[in-house]
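> here is my input, please return the structure:
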Amino acid sequence: MALDGIRMPDGCYADGTWELKMHVTDLNRDVSLRVTGEIHIGGVMLKLVEKLDVKKDWSDHALWWEKKKTWLLKTHWTLDKYGIQADARLLFSPQHKLLRLQLPNMKHMRVKVNFSDRVFKAVSDICKTFNIRHPEELSLLRKPRDPKKKKKKLEEAEEEALELEGPLLTPGSGTFSEILYIGPVKGSIYSSPGLYSKTMTPTYDSRDGSPLSPTTAWFGDSPLSEGNPSILAVSQPITSPDILVKMYKPQSLLDKAKINQGWLDSSRSLMEQDVKENEVLLLRFKYHSFFDLNPKYDAIRVNQLYEQAKWAILLEEIECTEEEMMMFAALQYHINKLSIMSSDNHMNNSEKEVDEVDAALSDLEITLEGGKTSNTLGDITSIPELADYVKVFKPKKLTLKGYKQYWCTFKDITISCYKSREEAHGTPAHQMNLRGCEVTPDVNISGQKFNIKLLIPVADGMNEIWLRCDAEKQYAQWMAACRLASKGKTMADSSYNLEVQNILSFLKMQHMNPDPQIIEPITIDINPECLVSPRYLKKYKNKQPGFVRDLISARILEAHQNVAQMSLIEAKMRFIQAWQSLPEFGITHFLAKFQGGKKDELIGITYNRLIRMDASTGDAIKTWRFSNMKQWNVNWEIKMVTVEFADEPSLAFICAEVDCKVVHEFIGGYIFLSTRAKDQNESLDEEMFYKLTSGWV
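Numbers count the residues shown, from 1 in each chain. Just a heads-up that it's a prediction; the model follows:
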């Protein structure tokens, strides 16, 4: 026997080589190679392919180290540099694997995803496939488990899955040897699109607001252009109330907090997080900060946002009043009708074209004529003020005192309360600075109740103050002013008038029309059980089913009169705006134990603040604004998150039942989203995202 064939007791051979065991997943075959620690990863893969002697495109394959849960993507690194020895077992496996994605509209699609990319990059590629702008707002979530179900049922039994094979989002088109030694080719057609071009062709018809036909829609190199791209841009009505019954509904705030355990780590790959091929993951809008939401270019994005909002309301993930539920049901009914009509129209006229130049000129004309500026210098420099009689109530335990009327002035971000209008130039009886406060609406249109609940931060917690307005216009003005003041902005801000109009529009949609003469007859296609949440139906559990159905149908049709003239895209946008106006919108809950606290509480994270909440009632105890935050750190050993502020004590809490990395990523993610600007270039700063969210980069 030759000298180099003699095996030594340590497993190496006399020539210094040793056996590296690898498993080729495609062929289900084990292969051993004689290697040294000085050989680089590219060389290992080349020797492996030569030994297999199978004619196949291996360019998408890479080595996966099972024990360390890491991809060996740095092909110029040696085995010694990676720390690989003879006891290691490597997998030679494709980087792109099939994944079943449940979109916000609850439909399933099979797409090939790069399992070696970080999740942030993988989601960007998925969004490019589906033509969804601003992929940084979305992420992947593991499906929540319903504790009531003992056995896991097949997905196909719950819902018919819409299957779609996406493209192989390969790193590049180089040869196998180039990929082995050079690494992934940059600048390929499959790279992440980042922020899309603002000059792309509109994907909505400017005349009726319906999605354009496949011949006129801009879908780039997306595979959807080969089929029917409108499948993701058109809302599909819920066909049976049984679908709602079968789906998981969180019963409490703690259930909502448990759902958020499932968010994947954006800075690690799918394989590193034990995601298997063909596994079901949920693609969802993770960060509730929707940048540059433009109906002209965001056909699919708007529809998927509408769908996520619709299911959040129907599955009771977010609370709303009975009047708001009727408004959402009416909008949903209207959208269902228009979606069916627009689909029929496009089938009959699939070659309809839009003159893009005329559309652009029309938009420019509207933009130029839309706003008129004042010539008075005082209008520019002065800050608007509010002054009116407002009822004020400070709730306390064991008190029966009601609202007391004051003459209130709203200047800058401060409300001053005087006993009468005549005393307005003296010392106020009460004064409230609203910076950093919590603003919650408490409105009942039919009862003519227009309340504003304020939680104002003080040294030892929060002061609760209620304001009661007499009419809708007064409420809209004061509510808009309070919301801006909570962010440190005054009524001089350009968004104030728009906020007032949005609030008035939101209230108008909830009005019940007293004249029922134009209500269309109740028909079977309304399906009220599919338009309102099960909790609302339970209010009438003692009534006969037929009576309940007719009653709810009548109320939906009555509310429908307020939205009947809206176009399809306008109805979807109004639905999204109404969803954003709900008090609980955008709050992501996590179970936590605060430093110095004795019991588990909730930490709520939104786009601009942190909220300490009571776990049983959901009431806000204390609020901290991101704008006042200096830095945040994580003690990874004890899983404690510490946040330091400019002018108040630091906040520290330990995450319960969830990795503190998830909470850290939410904070950093919202900080990252706040840096976006319309005039920035068309690529995302991925490294900045990782620095803000990873914690260890």
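> what residue lies at the spatial centre of the protein?
The chain has residue 285 as the residue nearest its centroid, 2.1 Å off, counting by C-alpha atoms, centre = their mean.
> now the phi/psi pair for that residue, please.
Here is the backbone geometry of residue 285 (degrees, to the nearest 10): phi -70, psi 110.
> okay, it: pLDDT?
On the pLDDT scale, residue 285 is placed at 98.
> the one 5 residues further on too?
In this prediction, residue 290 carries a pLDDT score of 94.
> residues contacting it?
Residue 290 sits next to 134, 137, 305, 576 when contact means C-beta atoms under 8 Å, 6 or more residues apart in numbering. All C-beta spots, glycine's among them, are computed from the backbone N, C-alpha and C.
> quick one: the nearest residue to residue 614 once chain neighbours are set aside from residue 612, how far?
Excluding its sequence neighbours, the residue lying closest to residue 614 (C-beta to C-beta, 6 or more residues apart in numbering) is residue 621, at 6.2 Å. Per C-beta to C-beta, to the nearest Å, residue 621 is found 4 Å from residue 612.
> what is in contact with these two at once?
Joint contacts of residue 621 and residue 612 (C-beta under 8 Å, 6+ apart) are residue 601.
> higher neighbour count, the two?
Shown here are residue 621 and residue 612; by other C-beta atoms under 10 Å, residue 612 has more neighbours (21 against 16).
> and that one, what is it in contact with?
594, 601, 602, 603, 604, 620, 621, 622, 623, 651.
> number of nearby residues for residue 329?
Quick note: residue 329 (other C-beta under 10 Å) scores 26 neighbours.
> could you do residue 81 as well?
The burial count for residue 81: 13, using other C-beta under 10 Å.
> check residue 83 too.
Residues near residue 83, counting by other C-beta under 10 Å: 10.
> one more: residue 571?
Neighbour number of residue 571 under other C-beta under 10 Å is 26.
> that one contacts residue 328, correct?
No: the criterion here is C-beta atoms under 8 Å, and residue 571 misses it with residue 328 at 11.0 Å.
> any idea how far stretch 312-327 is from the middle of the chain?
Centroid displacement of stretch 312-327 relative to its chain, using C-alpha atoms, centre = their mean, to the nearest Å, is 18 Å.
> just the endpoints, please. Distance across that stretch?
By C-alpha to C-alpha, to the nearest Å, the extent of stretch 312-327 from end to end equals 15 Å.
> go through that stretch and flag the buried ones.
Buried residues in stretch 312-327, counted by 16 or more other C-beta atoms under 10 Å: 312-314, 316-318, 320-321, 323-327.
> list of residues touching it?
238, 244, 247-250, 256, 311, 328, 443-446, 509-510, 512, 532-536, 555-556, 558-559, 562-563, 578-579, 582-585.
> emit the ChimeraX select command for whichever of those residues are buried.
Of the contacts of stretch 312-327, the buried ones can be selected in ChimeraX as follows, counting by 16+ other C-beta under 10 Å:
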select :238,244,248,250,256,311,328,443,445,509,510,532,533,536,555,556,558,559,562,563,578,579,582,583,584,585
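> and the contacts of stretch 312-327, which of them are in helices?
244, 256, 311, 328, 509, 534-536, 555-556, 558-559, 578-579 (DSSP state H).
> okay if I get those as TSV plus pLDDT and distance to residue 31?
Output for those, formatted as TSV (pLDDT from 0 to 100; distance: C-beta to C-beta, whole Å):
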residue	pLDDT	distance to residue 31
244	85	52
256	91	49
311	96	48
328	95	59
509	84	66
534	86	56
535	84	58
536	83	61
555	89	69
556	91	65
558	90	71
559	90	67
578	93	60
579	95	54
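> dump these to a markdown table, plus distance to residue 29.
Formatted as a markdown table, those follow (distance: C-beta to C-beta, whole Å):
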| residue | distance to residue 29 |
| --- | --- |
| 244 | 48 |
| 256 | 47 |
| 311 | 45 |
| 328 | 56 |
| 509 | 63 |
| 534 | 52 |
| 535 | 55 |
| 536 | 58 |
| 555 | 65 |
| 556 | 61 |
| 558 | 68 |
| 559 | 64 |
| 578 | 57 |
| 579 | 52 |
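> and the furthest pair within those?
Across the ones in helices among the contacts of stretch 312-327, the two members that end up farthest from each other (C-beta to C-beta) are 256 and 558, 31.7 Å apart.
> please pull out the lowest mean pLDDT helix or strand from the protein.
helix 176-182 (a mean of 33; mean pLDDT, DSSP states H and E).
> which residue ranges make up the domains of the chain?
Each domain of the chain is listed here as a residue range: 18-94, 385-491, 588-695, per the TED database.
> of the ones you listed, which is nearest residue 292?
That would be domain 588-695 among the domains of the chain, by C-beta to C-beta, at 6.2 Å.
> picking that back up, narrow the contacts of residue 290 to those in helices?
305, 576.
> between the contacts of residue 290, which is nearest residue 270?
Nearest to residue 270 among the contacts of residue 290, counting by C-beta to C-beta, is residue 137 at 19.4 Å.
> quick revisit: show me what the residue nearest to the centre of the chain is bridged to.
residue 138 (DSSP bridges).
> could you check how far it is from residue 116?
25 Å.
> residue 250 too?
From residue 250 to residue 116 the distance is 34 Å (C-beta to C-beta).
> circling back: closest to residue 481 out of the ones in helices among the contacts of stretch 312-327?
The closest of the ones in helices among the contacts of stretch 312-327, once distances to residue 481 are taken by C-beta to C-beta, is residue 578, at 20.6 Å.
> shouldn't the closest one be in contact with residue 331?
Yes: using C-beta under 8 Å, residue 578 is in contact with residue 331, at 7.4 Å.
> list the residues that are in contact with both of the two.
Common neighbours of residue 578 and residue 331 (C-beta under 8 Å, 6+ apart) are residue 509.
> average pLDDT across stretch 684-691?
90.
> ignore what I typed, I meant stretch 471-484.
For stretch 471-484, the per-residue pLDDT averages 94.
> right, I'll call it a day here.
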